[in-house]
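**Student:** kindly return the folded structure for what I paste below:
(one chain, ligands or ions: 1)
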Amino acid sequence: MTVRTFSGPSSSFHATVIVPGDKSLSHRGLILAAMARGASRLRGLGAGSDLAATISCLTRFGISVDGDRVESGGIGSWGEPGRLECANSGTTMRLLAGAASGRPFVTVLDGDASLRRRPMRRLVDPLAALGAHLEVTGDGTAPITVRGGTLHGAAVTIGIASAQVRSAVALAALQAAERAVIDSPPGFRDHTERWLAALGLGAWQSATAFAIDPGAVPPLDLEVPGDTSSAAFLWAAAGLGGSEVTTPGVSLNPGRTGLLAVLAGMGATVAATETGQVLGDPVGTVTVRGPVRHGMQVDGPLAVRSLDELPLVGLLGAIAEGETVVSGAGELRGKETDRITSTVALVRALGGDAEESADGFRVMGSGLRPGKFEAAGDHRLAMAAAVAATVAGTVEVVGIEAAAVSWPDFADTLERSWSSR
Ligand code: S3P
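**Tutor:** Numbering: from 1, shown residues only. The predicted structure follows:
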């Protein structure tokens, strides 16, 4: 376990940061390219061990991935992979379970101790509606056994706003005999739906219902936008530190930008300018100028749209005036750690005042002080703890190496940003 001590900046900073390629979009790009017949090019793919897990699993199906090039004989050429190791990556496991559902063989998906604790039963019924057979453990966890085969169309209603479950169903439905329609509560990142619509493989029927038209995925040639959820750590540093950070070229998918609404709602200055689109999904430049001033309530679709960023909302709440209350975020308990418990533990480890609720947490704005935090293998908590040093002074992060799951170069990038004027 690596311990790294972060000492925040002595004055406000002004940084422009290029973040790695978006993790959600990189997983989708790799899997769709693997389903396409021919050569695809995915420039600016994200870094990190979650994407390495997707690449290594795709290789086991017989796909060749070399840098930004993916070469496949098409979904029909996928070979039986045996047991796939998804490491720490829930997106790898859930999306590949969907893609494998239409293949005429058995695929077993397993992961590390953290991934083996995460909820997987949520995939079983939606994929069964298309005719797929999945088995999970008695606890509803991995390993997942997918007995793939012929799939049919269906109207699939998913009870949670999970982009991973929706995407798993979509990747299966591309291989079905008839059209399928997916619906769920709102707030999810709709990257998969936007890309499929742009590729002529689906269409929206309402704000949340999306129809998938089975068909061949064409090879892709695209530039992966920057990772909004990585940029979020720098936006939060600006919000904590009364500083300014600009991140060009990040995904502005509405399912990803919840933290920007929270930062603005807490009194920071936020500007997001769309500069283009990739397959119908917006990309742009974001500038955040802090500090945040007052607490706020985060719930409903806004909680879903900022789910991965809620640990940062905990830190922002700790330095804002008054109370910040997050609710409707029970999904946080099924992440790499129980992020309700670990966010509250982080705020408290730094002298803040926070408490859990069943589906969220409450933080009182009482400031952050130097302290030590153990990340327990959760990349977002490790990075949030480092970001807290922006105002807390000195923070010792035990297990900072977890950041490599999504952003191997994070610690150096954060420290460089602190010293930019
Ligand atoms: C993701 C969807 C979200 C998010 C996760 C990545 C994706 O999970 O929290 O980090 O790429 O589809 P859920 O689908 O479980 O909400």
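**Student:** three-state assignment of residue 124?
**Tutor:** Residue 124 falls in the helix class when you classify it by DSSP: H, G, I helix; E, B strand; the rest coil.
**Student:** tell me the SS of the nearest residue to it once chain neighbours are set aside?
**Tutor:** Nearest residue to residue 124, sequence neighbours excluded (CB to CB, 6 or more residues apart in numbering): residue 134, at 4.9 Å. (Glycine included, C-beta is placed from N, CA and C.) At residue 134 the chain is in strand, as set by three-state DSSP.
**Student:** so residue 134 touches residue 123, yeah?
**Tutor:** Yes. Using CB atoms under 8 Å, residue 134 is in contact with residue 123, at 5.9 Å.
**Student:** ok, now how distant is the residue lying closest to residue 195 once chain neighbours are set aside from residue 218?
**Tutor:** Leaving out its chain neighbours, the residue that sits closest to residue 195 by CB to CB, 6+ apart is residue 279, at 4.4 Å. Applying CB to CB, to the nearest Å, the value for residue 279 to residue 218 is 11 Å.
**Student:** what do the two both touch?
**Tutor:** residue 199 (CB atoms under 8 Å, 6 or more residues apart in numbering).
**Student:** convert the C-alpha atoms of stretch 169-178 to PDB, please.
**Tutor:** This file holds the C-alpha atoms of stretch 169-178, laid out as PDB (Å, rounded to 0.1, in the frame of the first residue of the first chain):
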ATOM      1  CA  VAL A 169     -29.500  -4.700 -22.300                       C
ATOM      2  CA  ALA A 170     -28.700  -2.500 -25.400                       C
ATOM      3  CA  LEU A 171     -25.600  -4.600 -26.300                       C
ATOM      4  CA  ALA A 172     -27.600  -7.800 -26.000                       C
ATOM      5  CA  ALA A 173     -30.600  -6.300 -27.900                       C
ATOM      6  CA  LEU A 174     -28.300  -5.400 -30.900                       C
ATOM      7  CA  GLN A 175     -28.100  -9.200 -31.400                       C
ATOM      8  CA  ALA A 176     -31.800 -10.000 -30.900                       C
ATOM      9  CA  ALA A 177     -34.300 -11.100 -33.600                       C
ATOM     10  CA  GLU A 178     -36.600  -8.100 -33.100                       C
END
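**Student:** list the buried residues for that stretch?
**Tutor:** Judged by neighbour count using 16 or more other CB atoms under 10 Å, the buried positions of stretch 169-178 are 169, 170, 171, 172, 173, 174, 175, 176.
**Student:** got it, and stretch 315-329?
**Tutor:** Residues of stretch 315-329 classed as buried by neighbour count (16+ other CB under 10 Å): 315, 316, 317, 318, 319, 320, 324, 325, 326, 327, 328, 329.
**Student:** ok, now stretch 260-276?
**Tutor:** Buried residues in stretch 260-276 (16+ other CB under 10 Å): 260, 261, 262, 263, 264, 265, 266, 267, 268, 270, 272.
**Student:** strands of the stretch 101-250 of the chain, start to end?
**Tutor:** Counting by DSSP state E, counting those that start in this stretch, the segments of the stretch 101-250 of the chain that form strands are 106-110, 133-135, 144-147, 155-157, 180-183, 202-204, 210-212, 221-223, 244-251.
**Student:** any idea which of these gets closest to the ligand?
**Tutor:** strand 244-251 (10.9 Å; CB to the nearest ligand atom).
**Student:** got the CA coordinates for that closest one in PDB?
**Tutor:** What follows is strand 244-251 as a C-alpha-only set of coordinates in PDB (Å, rounded to 0.1, in the frame of the first residue of the first chain):
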ATOM      1  CA  GLU A 244     -10.100  28.600 -11.200                       C
ATOM      2  CA  VAL A 245      -9.800  25.400 -13.300                       C
ATOM      3  CA  THR A 246     -10.500  25.000 -17.000                       C
ATOM      4  CA  THR A 247     -10.900  21.500 -18.500                       C
ATOM      5  CA  PRO A 248     -11.200  21.500 -22.300                       C
ATOM      6  CA  GLY A 249     -12.700  18.700 -24.400                       C
ATOM      7  CA  VAL A 250     -14.700  16.800 -21.700                       C
ATOM      8  CA  SER A 251     -17.900  14.900 -22.100                       C
END
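**Student:** cheers, nothing more for now.
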